[in-house]
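**Student:** Everything below, folded, please.
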Amino acid sequence: MIHDLNFAQQGPEYFTILGIDPGSTTMGVSAMHVDFATLQIHGAELLTLHALKPTGGRQINQWMLDTHSERSMRLRELAWMLGQQLMYQRPVFVACEAPFFNPRNPDAYQVLVETMKVIENTVYAWNPWRPLYRIETTVAKKAVAPKDPAGILALKAIKDSKEKVRFCVERHPEVAKWVNYAIHDEHNVDALIVAYAQLTRIRANDFSITF
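**Tutor:** The predicted structure follows:
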């Protein structure tokens, strides 16, 4: 775990958007707290959920290992940890990056779809009245992309996709102050970007839900 979510449960001045970067082994989670009146970011915390071993390395019954695959056990553990964060943070909005097909790694798509279903079920088990908002990868990246000509030109010169994201985050006027790359990683930073993309939709009065 990179960094625990230390904020208290939401109070009267702000509501919480929980952003999720899905993964079957490592899952990024961010809690973005937004002022009710101004829709400005009140605070943000980031963490990464790890399940590198079946059930995160905790002791379990041997029959479960004999019955379930290692990936299934990892997803069960991630679902449990995500459920704990949902109960603690009590977000008004839960947003997750939508799975996308990468022709360079086609086998990964099935895993992402399976992970998304686990996330859907976890959110539903926590609160059936809270929908899961799906944010396309391109939409999330566009939300933090530079708008000034110099920034756009500099971004085009960067080839590595991870470096592109870092460039955008570190230059963003709202997001940059909540990210510290010394303690945060690409998973929870991506989760924060997803939460911010959801915030931009709220500011635009866009509450549509895609499936």
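
**Student:** Point out where the chain drops to low pLDDT.
**Tutor:** 1-12, 52-65, 100-108, 211 (pLDDT under 70).

**Student:** Tell me where it has strands.
**Tutor:** Listed in chain order, the strands of the chain (DSSP state E) span 14-21, 26-35, 41-50, 93-97, 132-135.

**Student:** Including distance to N188 and mean neighbour count, could those go into CSV?
**Tutor:** Every C-beta, even on glycine, is put in place using the N, C-alpha and C of the backbone. As requested, the strands of the chain are exported to CSV (distance: least, CB to CB, whole Å; neighbours: other CB atoms under 10 Å):
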stretch, distance to N188, mean neighbour count
strand 14-21, 7, 26
strand 26-35, 4, 24
strand 41-50, 4, 21
strand 93-97, 12, 24
strand 132-135, 15, 22
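
**Student:** For T210, which of these is the nearest?
**Tutor:** Comparison of those against T210 by CB to CB identifies strand 132-135 as nearest, at 5.2 Å.

**Student:** just to revisit the earlier point, would you turn the strands of the chain into CSV with distance to L199?
**Tutor:** CSV is the format used below for the strands of the chain (distance: least, CB to CB, whole Å):
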stretch, distance to L199
strand 14-21, 6
strand 26-35, 6
strand 41-50, 7
strand 93-97, 8
strand 132-135, 11
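
**Student:** Nearest to N180, out of the ones you listed?
**Tutor:** Of all the strands of the chain, strand 41-50 comes closest under CB to CB, at 9.0 Å.

**Student:** Tell me what angle the closest one forms with strand 14-21.
**Tutor:** Strand 41-50 runs at 30 degrees relative to strand 14-21, counting by axes from the mean of the first three to the mean of the last three CA atoms, to 10 degrees.

**Student:** Neighbouring strands - and their directions - for strand 41-50?
**Tutor:** strand 26-35 (antiparallel) (DSSP bridges).

**Student:** so where do the helices sit in this structure?
**Tutor:** Remark: helices assigned in the chain by DSSP state H are 62-67, 70-89, 107-126, 137-144, 149-156, 161-171, 186-203.

**Student:** Between those helices, which one is closest to I41.
**Tutor:** Short answer: helix 186-203, nearest of the helices of the chain by CB to CB, at 7.4 Å.

**Student:** List the buried residues for the closest one?
**Tutor:** Neighbour counts over helix 186-203 (16 or more other CB atoms under 10 Å) mark 186-202 as buried.

**Student:** Now do it: distance to the chain's middle.
**Tutor:** 7 Å (CA atoms, centre = their mean, to the nearest Å).

**Student:** again, but for stretch 41-55
**Tutor:** Distance, centroid of stretch 41-55 to centroid of chain: 9 Å (CA atoms, centre = their mean).

**Student:** Count the neighbours of the residue nearest to L18 when sequence neighbours are not counted for me.
**Tutor:** Distances taken as CB to CB, 6 or more residues apart in numbering put P91 closest to L18, at 3.9 Å, once the chain neighbours are dropped. For P91, the number of neighbouring residues by other CB atoms under 10 Å comes to 23.
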